[in-house]
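Undergrad: Pasting the sequence and the predicted coordinates here, then a few questions.
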Amino acid sequence: MKRVAVLISGGGSNMLRLLESMEGDHPARAVLVASNDPAAAGLAKAAAKGIPTAAVDHRPFGRDREGFEAALLRPILAAEPDIICLAGFMRVLTPGFVRRFEGRMLNIHPSLLPKYPGLHTHARALAAGDSEAGCSVHEVTADLDAGPILGQARVPVLEGDSEETLAARVLAMEHRLYPAVLRRYAQGDRTPLMLP
Ligand code: GAR
């Protein structure tokens with residue numbers, strides 16, 4: 001059974017879908033949900049499901065990313081995860097942290113990578129007049145949002161879409177894509193999954 005730690009920064013809807021997927025014959029189980037924000041709403045949701053949680057506030061560390069990551073690393077290493085899932089985790093990780101978990105850390109990103117790495121993906125897709133949008137799950141490497149793609153899901157951009165309506169349509173696909181990719185990944189399958 002693979003042990004999975006999930007890192008979040010906010011509401012944690014993707015995290016919840018991952019937790020809910022890891023039962024029965026699933027090859028992995030959640031062992032920790034950790035956040036850089038002690039007020040992240042997802043922490044209470046994970047705790048309510050009986051999953052251990054940890055919070056390390058990044059703010060007191062200022063620009064000391066290594067210091068923050070060293071503190072975050074403590075509960076992560078204590079949980080002995082085989083796989084780390086970034087799920088709406090909004091801190092950029094240093095190459096040192098990434099290297100430590102290279103080949104076993106996943107991220108979900110709300111665009112069809114390599115399009116629109118970074119922030120404001122939906123606004124950028126709308127501004128570009130794109131006819132489709134989507135989300136990607138990829139392996140985390142030292143280059144931001146650029147690791148090998150493990151899965152993608154597409155949605156249409158509709159007439160009259162706002163950032164909010166497009167984000168909601170993409171998020172619904174994130175909730176399908178991430179659990180499906182994690183299940184395959186935990187079984188050792190790294191071939192890209194394309195939805196729908
Ligand atoms: C999701 O849309 C995820 O793709 C995005 O943040 C949201 C988190 O929502 N992640 C990024 O933008 C990473 N750069 P959630 O907390 O409800 O899962």
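TA: Alright, I've got the coordinates.
Undergrad: residue ranges of the helices in this protein, please?
TA: 13-21, 41-48, 65-79, 95-100, 121-127, 163-186 (DSSP state H).
Undergrad: right, so these: which one is the most enclosed?
TA: Mean neighbour count (mean count of other CB atoms under 10 Å) peaks for helix 13-21 among the helices of the chain, with a mean of 21. From N, CA and C alone the C-beta is placed, and that goes for glycine too.
Undergrad: So which elements touch that helix?
TA: strand 2-8, strand 28-35, helix 41-48, helix 163-186 (3 or more CB pairs under 8 Å, 6 or more residues apart in numbering; DSSP states H and E).
Undergrad: So what sits opposite residue 133 in the bridge?
TA: Beta bridges link residue 133 to residue 155, judged by DSSP bridges.
Undergrad: any idea how far it is from residue 158?
TA: 10 Å (CB to CB, to the nearest Å).
Undergrad: which residues are common contacts for those two?
TA: In terms of CB atoms under 8 Å, 6 or more residues apart in numbering, residue 133 and residue 158 are both contacted by the residues residue 169.
Undergrad: Give me the more crowded residue out of the two.
TA: Regarding residue 133 and residue 158, a neighbour count based on other CB atoms under 10 Å identifies residue 133 as having more, with 27 against 10.
Undergrad: Report the contact partners of that one.
TA: 111-112, 121-122, 125, 154-157, 166, 169-170 are the contacts of residue 133 under CB under 8 Å, 6+ apart.
Undergrad: same check, this time on residue 22
TA: Neighbours of residue 22 in contact, by CB under 8 Å, 6+ apart: 4, 28-30, 182.
Undergrad: Among those, list the two that are farthest apart in space.
TA: 29 and 182 (11.3 Å; CB to CB).
Undergrad: Residues in contact with both of the two, list them for me.
TA: The contact lists of residue 29 and residue 182 share 4, 22, where a contact means CB under 8 Å, 6+ apart.
Undergrad: Write out the residues of this structure neighbouring the ligand.
TA: 8, 10-15, 87-88, 108-110, 171, 174 (CB under 6 Å from any ligand atom).
Undergrad: and with 5 Å instead?
TA: 10-14, 88, 108, 110 (CB under 5 Å from any ligand atom).
Undergrad: Find the closest residue to the ligand in this protein.
TA: residue 88 (2.6 Å; CB to the nearest ligand atom).
Undergrad: And the contacts of residue 133, which is closest to residue 71?
TA: Closest to residue 71, out of all of the contacts of residue 133 and judged by CB to CB, is residue 121, at 29.1 Å.
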